[in-house]
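S.K.: Test case, fold it:
(chains A and B)
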Amino acid sequence: MAKKYILVVDDDPDLVETVAMMLESRGFEVGRAYDGIEGEESIKERRPDLIILDIMMPRKDGYVLCSELKANEETADIPVVLLTAVGEAVPTTTYTHADGMSTEADDYIPKPIDTDGLLEVITGLL
Amino acid sequence: MNTSTRLGGFKVLKDVVWISLIHPKGDDRFPTAFSNLIAGEKINLPFLTSGDQNRAWGLNLVVDVPDAQKISDLIKSEFGDINLMTTRAAILSIFPHRSNPEIIGVLLDVLGKLGNQPIALANSPSAISAVLSEDVINEATNALFDPFQFGPYRTPADWKLAQKGKEKLYKEVVASYQEKKPKVYGLEWQEAQELLHVKLDSAHLGAMGAAFKDFAQLGLVLTFLISRPSKEKNKGNLFFCLPESDKHNYIGMIQKLLPQASTVEDPSVASFSMNGPHFGDRYGIIGELLMALDEARVELLGLSCSIHSITGVLPADQIHSAIEAIQGCFDVPSVIKKEV
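M.R.: Sure thing, here's the model as predicted:
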C-alpha cells in the first residue's frame, strides 16, 4: 500500500524537521514547505493526503491558505490540521483556537506538539 | 556532486554584526555569565556558537547592528582584557540538511571557490547557518543556485521577490514571546558519537568540504557542527560530531585531504537539541539553559544556537543529567532518543 503523503507547512524549519521526522518514523511520506505561498505551490505540485499548517507565517498565513483550500473544490476535501501557539506563549497575537476552527480547518494541534495527540488527529482524519 | 541537490529553501538575515571573543582564563562558567549578561540587556542573539578548547572558551555571536557597540562595551567592562573582533555580517541558512554531511561539504566548496570563507558556522536540526561578511552575501546566495535546487525558487530573482515582509514578521514574532517557563517544541538526544575538533587555515575550509563529502559517501550522519574563533590570525576551528566507529578512521580521512590540519578526537560524547519558539535568538533562553546545566554539573563541550534551536555536546555519561536539568527549567512535553 502506498504511503500516505502529509505536507507540513511552517516558517520554522527546525519545527518542520521535528514534525517530519516524527511522521516519517511512523511510516508517512512527508513534504516540507516554509511559508503559505510555498505550501500552496507544493499542493499544486503534488496533492497531499493531509496538510499540517502553521498559522503565523510570512507572505500568506495559515488561516488564509486554509480558507482558500476549503473554497476550492479541487482541494476542499484535503484534511487540514492547524498548528497553534496558544496562551501565554503568544501574548500579542490575535490568533485563537476559535479563529482556527472558523476557517474550516478539520482540527488543530497546540504547540508544543504532543506526538500521540498529533498521530491520533491524523489517524482520525485519514 | 554531478547533479544539483534539491533543498527546501534558504534564508538570509542582514544588518547584523558578528562578534567573536576568546576568554582565555579557564573559567568554566564563562558562557553562562556571558549569556546572562546579554539577557539582562534584553539583546537577542540570532546566532551563537561556543566551543571549549583546553578550558578556554571561544564564542561567535551575531547581533543586530544597534546592539553591537553596547555588547562590545559590556564585554570589556565585565570581562576585562579579552580578544574581541567585530565585523558587519549576514547569516545565510540553508535547509533541510537532514544530517547529511554532503550539504555542508557542498556549501563549503561553493564558498571556497568564491573565496568567501564563512566567518562562523553552525547547524540546527534542519539548517546549516554560515555567517558571511556583509559585502559578499549577494554573491554567495547567487552561487547557491549552481549546486542546489530550491523547490519554490528557480532563480535568485525568485528568491528575492519572496523575501518581502519576512523580516518584519520575524522581528514582531520574536518580540512577542515572554513565557514564565519557556515551552520546548521538541527535545531530542543522541549518544554513541565522537566529537572531532579540526584546527585549520581559514583558507582551507573549502578543502574541508571534500572531507564532509567523503563522510557522506560512507553514509554517516552529521549531528553537530560549529566553528570556534582562533587566537591565531587566519586560523579557524571546526567542531563536529560523527557516529562512534571502530571501522572508520576519521582523523586519517581528514589528514589525507588536509595534511596541515590538526585534528583531535573526543570519543563517547552525546548531543541534545531543543527546538522552541525562536530558541535560536530570543534573549534569556540560552542563559537559562546554561544555568541549569551548570547547576547539574554538566560539562558542555560545545554549543550552538541558530534558527529555532539550541544544540549541545557533552560527555556521554552526563546526558541524562542534562536532560533532567532541561526538564526542570523548560516545559518539555516529550523527550525523543534518536538512533544514530
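S.K.: shaky segments in the stretch 151-300 of chain B?
M.R.: Per-residue confidence for the stretch 151-300 of chain B (pLDDT under 70) gives these ranges: B:164-180, B:279-281.
S.K.: Equivalent analysis for chain A, please.
M.R.: A:85-103.
S.K.: out of all of them, which helix in it is the longest?
M.R.: Counting residues, the longest helix in chain A under DSSP state H turns out to be helix A:13-25.
S.K.: Contacts for that one, please.
M.R.: A:6, A:8-10, A:30, A:32-34, A:52, A:54, A:111, A:113, A:115, A:118, A:122, B:8-9, B:93, B:95-96, B:98, B:124-127, B:185-186, B:188, B:275, B:280, B:307-309, B:336, B:338 (C-beta atoms under 8 Å, 6 or more residues apart in numbering or on different chains). C-beta here means a position set from N, CA and C on the backbone, and glycine is covered the same way.
S.K.: ok, of those residues, which come out buried?
M.R.: Buried members of these, scored by 16 or more other C-beta atoms under 10 Å in any protein chain shown, are A:6, A:8-10, A:30, A:32-34, A:52, A:54, A:111, A:113, A:115, A:118, A:122, B:8-9, B:93, B:95-96, B:98, B:124-127, B:185-186, B:188, B:275, B:280, B:307-309, B:338.
S.K.: Among the residues you listed, which lie within helices?
M.R.: Counting by DSSP H, the buried ones among the contacts of helix A:13-25 place A:115, A:118, A:122 in helices.
S.K.: filter the residues you listed down to the ones close to chain B.
M.R.: A:Thr115 (C-beta under 8 Å from any C-beta of the partner chain).
S.K.: The stretch 201-340 of chain B: strands as residue ranges?
M.R.: B:224-228, B:235-243, B:262-275, B:302-306, B:309-315, B:335-337 (DSSP state E, counting those that start in this stretch).
S.K.: export the first one as CSV, just CAs?
M.R.: The C-alpha coordinates for strand B:224-228 follow below in CSV (Å, rounded to 0.1, in the frame of the first residue of the first chain):
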residue,chain,number,x,y,z
PHE,B,224,26.6,18.8,15.4
LEU,B,225,28.7,21.4,13.7
ILE,B,226,30.1,24.7,15.0
SER,B,227,33.1,26.9,14.3
ARG,B,228,35.1,28.4,17.1
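S.K.: For that strand, give me every contacting residue.
M.R.: B:49-51, B:53, B:58, B:60, B:104, B:118, B:120-123, B:128, B:193, B:195, B:236-241, B:271, B:302-304, B:311, B:313.
S.K.: tell me how far stretch B:260-268 is from the chain's mean position?
M.R.: 19 Å (C-alpha atoms, centre = their mean, to the nearest Å).
S.K.: what do you get for stretch B:304-319?
M.R.: Stretch B:304-319 sits 10 Å away from the centroid of its parent chain (C-alpha atoms, centre = their mean).
S.K.: before we move on, back to that, ok, the ones in helices among the buried ones among the contacts of helix A:13-25 vs B:Asp15, which is closest?
M.R.: Within those, distances to B:Asp15 taken as C-beta to C-beta reach their minimum at A:Leu118, with 36.7 Å.
S.K.: any idea which element the nearest residue in space to the closest one that is not next to it in sequence lies in?
M.R.: Among residues not flanking A:Leu118 along the chain, A:Ile109 sits closest, at 5.4 Å (C-beta to C-beta, 6 or more residues apart in numbering or on different chains). Using DSSP states H and E, A:Ile109 sits within strand A:107-111.
S.K.: do A:Glu68 as well
M.R.: In this structure, A:Glu68 sits in helix A:62-71 according to DSSP H and E.
S.K.: tell me what that helix is packed against?
M.R.: Helices and strands touching helix A:62-71, by 3 or more C-beta pairs under 8 Å, 6 or more residues apart in numbering or on different chains; DSSP states H and E, are helix A:36-45, strand A:50-54, strand A:80-85.
S.K.: picking that back up, can you tell me which of the ones in helices among the buried ones among the contacts of helix A:13-25 lies closest to chain B?
M.R.: A:Thr115 (5.7 Å; C-beta to the nearest C-beta).
S.K.: Contacts only, for that closest one.
M.R.: Applying C-beta under 8 Å, 6+ apart to A:Thr115 gives the contacts A:22, B:334.
S.K.: for the stretch 151-300 of chain B, what spans make up the helices?
M.R.: All helices of the stretch 151-300 of chain B, identified by DSSP state H, counting those that start in this stretch, fall at B:156-162, B:166-176, B:205-217, B:250-257, B:285-295.
S.K.: Among the ones you listed, which comes closest to B:Val264?
M.R.: helix B:250-257 (8.2 Å).
S.K.: buried ones in the closest one?
M.R.: B:250-251, B:253-255.
S.K.: What I need now is the helices of the stretch 151-300 of chain B written out in CSV, including distance to B:Asn83 for each item.
M.R.: Listed next are the helices of the stretch 151-300 of chain B as CSV, based on distance: least, C-beta to C-beta, whole Å:
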stretch, distance to B:Asn83
helix B:156-162, 37
helix B:166-176, 30
helix B:205-217, 21
helix B:250-257, 26
helix B:285-295, 21
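S.K.: With B:Arg228 as the reference, measure out to B:Asp331.
M.R.: B:Asp331 sits 31 Å away from B:Arg228, going by C-beta to C-beta, to the nearest Å.
S.K.: same thing with B:Pro333?
M.R.: In terms of C-beta to C-beta, B:Pro333 sits 33 Å off from B:Arg228.
S.K.: More neighbours: which of these two?
M.R.: Each of B:Pro333 and B:Arg228 has its neighbours counted (other C-beta atoms under 10 Å in any protein chain shown); B:Arg228 has more, 25 against 17.
S.K.: beta partners for the residue nearest to the more buried one when sequence neighbours are not counted?
M.R.: Once flanking residues are discounted, B:Arg228 sits nearest to B:Gly51: 3.4 Å by C-beta to C-beta, 6+ apart. Assessed by DSSP bridges, B:Gly51 has beta-bridge partners B:Gly58, B:Gly302.
S.K.: what does the model give B:Gly51 for pLDDT?
M.R.: pLDDT for B:Gly51: 86.
S.K.: you'd agree it is up against B:Leu238?
M.R.: No - with contacts counted by C-beta atoms under 8 Å, B:Gly51 stays clear of B:Leu238, the gap being 9.1 Å.
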